[in-house]
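J.: Next comes the sequence, and after it the predicted model I'd like to discuss.
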Amino acid sequence: MPILRSLFISLSTNRLMRQFGERSVLGRRMSSRFVAGMEIDDALRVAERLNSQGMSVTLDSLGESVSSEADAQRAAEIYHNLLNQIALRKLDANISVKLSQMGLEFSSELAERIVGGLTEHCRATGNFLRIDMEGTPLTQKTIDMVRRLHANPEYAGHIGIVIQAYLFRSESDIAQLLEDGIRIRLCKGAYQEPASLAFPRKADVDTNYVLLAGRLLSSPVYHGIATHDEAMIRAVRDYATHNGIAPDRFEFQMLYGVRRDLQRRLVEEGYRVRIYLPFGHEWYPYFMRRLAERPANAFFVLRNLFRS
C-alpha cells in the first residue's frame with residue numbers, strides 16, 4: 001500500500017489529531033473542500049444548489065462508533081429531521097447512514113430498531129436510505145441487517161447498501177444481494193484491510209471493480225456506480241453501450257468537492273449523477289479517508305488553503 005495512503009488511514013483514527021482538527025478554525029477550513037458545512041442548513045443549501053445543476057444528492061450526517069443509546073438516538077434524530085426537510089423543500093436527495101453511528105457496535109437490536117424507524121420514515125415520504133459500509137468487522141452484520149429489513153415488503157425499494165470492490169468476498173455478496181433485489185452502491189473501499197481479506201494491488205481492485213460494475217448494470221435493479229476514476233467510468237459507459245443499457249438505468253455517484261469538472265461533464269452528456277454530501281462537526285475521519293483515497297487531494301487542499 002502506498003506510504004501516503006497508509007499514513008492518512010492511520011491518521012483517520014488518531015484521537016489527538018481528530019480533537020485538534022475538529023475544534024480548530026484551520027481544521028474546519030481545510031475540511032470545507034469535502035464537507036458541506038457543520039449544520040443541517042449548510043448541507044441543505046448545498047443540496048439545493050447541486051439540484052439546480054442537475055445533480056441528485058445523498059446527505060450524510062458525519063459521525064461513527066457512538067458509545068451510548070442516547071448518542072445513537074441523537075444521530076438518528078438528525079436523519080429524521082433531514083427527511084422532513086427533504087420532503088418540505090422537495091429536494092432530489094436521499095440519506096446515507098453508518099450502522100456504527102446507530103449503535104451497532106454495542107447493540108445490534110438498538111441499531112436495527114433505529115434503522116427500521118428511518119426506513120419507515122423513508123417509506124412514508126417516498127425516500128431512500130443507503131446503509132454505508134464500514135470496516136470488515138461490520139461487513140456481515142451490515143449485510144444481514146439490510147437483508148432482514150429489505151425482506152419486509154413495505155421496505156423493499158427504500159433501503160440499500162454499499163459494497164466495496166477491494167474485498168475478495170464482494171462478488172459473492174453482490175450475487176446474494178441481487179437475488180434479493182437490493183440496490184447497491186459500488187465503491188472501491190477506503191479502509192485499511194489485511195491482504196487476507198482485500199486486494200492489496202490497485203490494478204486488482206480496478207479489475208474487480210469493472211467486473212462487479214458489469215454484474216450490477218446487467219441486473220434489473222437500479223444501482224449506483226461510485227467512482228472518480230475516469231478509466232472506471234469509461235469501462236462502465238462502454239459496457240452499458242455494448243449491452244444496450246440506457247443511461248437512466250443507473251447513476252454515477254461522486255463525492256462532494258472531488259472532480260467537479262467530471263461531475264458537470266457527465267450531467268451534460270446525459271448521465272445521472274448523485275453527489276455524496278457529508279456535513280457535521282465530526283468530519284475528521286471522513287476527511288482523512290478522502291485524502292487516503294487520493295493523496296493528491298492533500299496537495300490541492302494545502303495549495304488553496306490560504307487563497308481568498
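T.: Now that the structure is in, tell me what you want to look at. What you see is a predicted model, and the numbers here were worked out from it, not measured in a lab.
J.: residues in contact with Ala246?
T.: Ala240 (CB atoms under 8 Å, 6 or more residues apart in numbering). The C-beta positions use only the backbone N, C-alpha and C, and glycine is treated the same way.
J.: One more: the one 4 residues further on?
T.: Phe250 makes contacts with 216-217, 222-225, 240, 272, as judged by CB under 8 Å, 6+ apart.
J.: between these, which has the most around it?
T.: Within the contacts of Phe250, most neighbours by other CB atoms under 10 Å means Ile225, with 27 neighbours.
J.: I'd like the contacts of Phe250 laid out as a markdown table, including secondary structure and pLDDT.
T.: What follows is the contacts of Phe250, written out as a markdown table (DSSP: H, G, I helix; E, B strand; the rest coil; pLDDT from 0 to 100):
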| residue | secondary structure | pLDDT |
| --- | --- | --- |
| Leu216 | helix | 98 |
| Leu217 | helix | 98 |
| Tyr222 | coil | 98 |
| His223 | strand | 98 |
| Gly224 | strand | 98 |
| Ile225 | strand | 98 |
| Ala240 | helix | 97 |
| Arg272 | coil | 98 |
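J.: so which helix or strand takes in Val210?
T.: helix 202-217 (DSSP states H and E).
J.: same deal with Ala76?
T.: Using DSSP H and E, Ala76 maps to helix 69-89.
J.: Please look at Leu82 and Val57 and confirm they touch.
T.: No. Using CB atoms under 8 Å as the test, Leu82 is too far from Val57 to be in contact (10.7 Å).
J.: Now distance to Ile143 too, for the contacts of Phe250, in TSV please.
T.: Listed next are these as TSV, based on distance: CB to CB, whole Å:
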residue	distance to Ile143
Leu216	16
Leu217	21
Tyr222	19
His223	16
Gly224	17
Ile225	19
Ala240	26
Arg272	25
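J.: Relative to Asn152, which of the residues you listed is nearest.
T.: Among the contacts of Phe250, Tyr222 lies closest to Asn152 (CB to CB), at 19.2 Å.
J.: Show me the beta-bridge partners of the nearest residue to the closest one once chain neighbours are set aside.
T.: Spatial nearest neighbour of Tyr222, excluding adjacent residues (CB to CB, 6 or more residues apart in numbering): Arg183 at 6.0 Å. Assessed by DSSP bridges, Arg183 has beta-bridge partners Gly160.
J.: And stretch 190-197, what's buried?
T.: Neighbour-count burial for stretch 190-197 flags 190-193 (criterion: 16 or more other CB atoms under 10 Å).
J.: OK, contacts around Tyr79?
T.: Counted by CB under 8 Å, 6+ apart, Tyr79 has contacts 61, 95, 97, 118.
J.: repeat for Leu167
T.: 136, 139, 173, 189, 193, 197-199.
J.: picking that back up, want to throw the buried residues of stretch 190-197 into a markdown table with secondary structure, pLDDT and distance to Glu112?
T.: Formatted as a markdown table, the buried residues of stretch 190-197 follow (DSSP: H, G, I helix; E, B strand; the rest coil; pLDDT from 0 to 100; distance: CB to CB, whole Å):
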| residue | secondary structure | pLDDT | distance to Glu112 |
| --- | --- | --- | --- |
| Ala190 | coil | 76 | 25 |
| Tyr191 | coil | 81 | 22 |
| Gln192 | coil | 81 | 27 |
| Glu193 | coil | 91 | 25 |
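J.: Closest one of the residues you listed to Ser65?
T.: Tyr191 (12.9 Å).
J.: Not counting residues beside it along the chain, what's closest to the closest one?
T.: Spatial nearest neighbour of Tyr191, excluding adjacent residues (CB to CB, 6+ apart): Gly135 at 4.5 Å.
J.: Now for that neighbour, how many residues are close by?
T.: Per other CB under 10 Å, the neighbour tally for Gly135 reads 14.
J.: For Ala213, see how far away it is.
T.: Distance, Gly135 to Ala213, by CB to CB, to the nearest Å: 23 Å.
J.: sorry, back to before: what's the ChimeraX line that selects buried ones from the contacts of Tyr79?
T.: To isolate in ChimeraX the members of the contacts of Tyr79 that are buried, counting by 16+ other CB under 10 Å, one can use:
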select :61,95,97,118
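J.: which one among the contacts of Tyr79 gets closest to Asp42?
T.: Each of the contacts of Tyr79 was scored against Asp42 by CB to CB, and Ser61 proved nearest at 11.4 Å.
J.: hang on, the closest one packs against Ala75?
T.: Yes. Here Ser61 reaches Ala75: they are 6.7 Å apart, a contact under CB under 8 Å.
J.: about what we covered before: narrow the contacts of Leu167 to just the buried residues.
T.: 136, 139, 173, 189, 193, 198-199.
J.: residue boundaries of the strands in the chain?
T.: For the chain, applying DSSP state E gives strands covering 56-61, 93-97, 129-131, 159-164, 183-187, 223-226, 250-255, 273-279.
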